[in-house]
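Participant: could you work out the structure for the sequence below:
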Amino acid sequence: MRMLSTTLVAGLLLSACATPPQVASEGDLTVLRGQTAVIEAGPAASPGVDQALVQAIQARVASRVGEAGAVQPGAMPARYRLQVTVGTSPAAVGVSTVVGPQVGVAPWRSAPTKLRPWSRRGPVRTAALAVLDLSSGKVAAWATVRTSGDDPVDLADRLVAALTPAKS
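Facilitator: Numbers count the residues shown, from 1 in each chain. Just a heads-up that it's a prediction; the model follows:
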């Protein structure tokens, strides 16, 4: 019995230590099927963010969007623009869709990391993908990922997965 209790407590403690990446999104990539989408070129990172990381995320997003049905640029005029941005923020900072102080549960676009004695409170990397309709200038879909990791493949895959509709 003691062994079972110890195993259960150890499992609970270890599972509480892991903080999964936070993902927020709206819309999906179905609008890109059969359409041309171009990646916005230029600086897409805040100061202190590695440009090589940003370019690696942009390249991975471009290849994953091609898998989702988008046509390669040059075949026809671009209808959508993909904007990828990467930044860092303190772990206690979040992004909300509501103006003013936040109390209790709020519509967080990217919630702050909860303070836990065992967790590291270093800076958090935030990657965002916005699909912009060039004819109207409106955002057709967006996704944001907050994580302490800096693997460009993982960040890009999480952004695209957040905008991929569930298969029924």
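Participant: separation between residue 150 and residue 38?
Facilitator: As for residue 150, its distance to residue 38 is 25 Å (criterion: CB to CB, to the nearest Å). Backbone N, C-alpha and C define where each C-beta goes, glycine included.
Participant: for residue 124, same thing?
Facilitator: In terms of CB to CB, residue 124 sits 29 Å off from residue 38.
Participant: how about the helices in this protein?
Facilitator: 2-17, 51-67, 152-162 (DSSP state H).
Participant: ok, and the closest non-adjacent residue to residue 84?
Facilitator: residue 58 (4.8 Å; CB to CB, 6 or more residues apart in numbering).
Participant: isn't that neighbour right up against residue 51?
Facilitator: No - counting by CB atoms under 8 Å, residue 58 does not reach residue 51; the two are 10.3 Å apart.
Participant: number of residues surrounding the residue lying closest to residue 26 once chain neighbours are set aside?
Facilitator: Spatial nearest neighbour of residue 26, chain neighbours left out: residue 142 (5.7 Å); criterion: CB to CB, 6+ apart. Neighbour count for residue 142, taken as other CB atoms under 10 Å: 19.
Participant: please name the bridge partners of residue 85.
Facilitator: Beta-bridge pairing for residue 85 (DSSP bridges): residue 128.
Participant: how far away is it from residue 34?
Facilitator: Counting by CB to CB - residue 85 and residue 34 are separated by 26 Å.
Participant: compare the two and say which is more crowded by neighbours.
Facilitator: Between residue 85 and residue 34, residue 85 has the larger neighbour count (other CB under 10 Å), namely 19 against 10.
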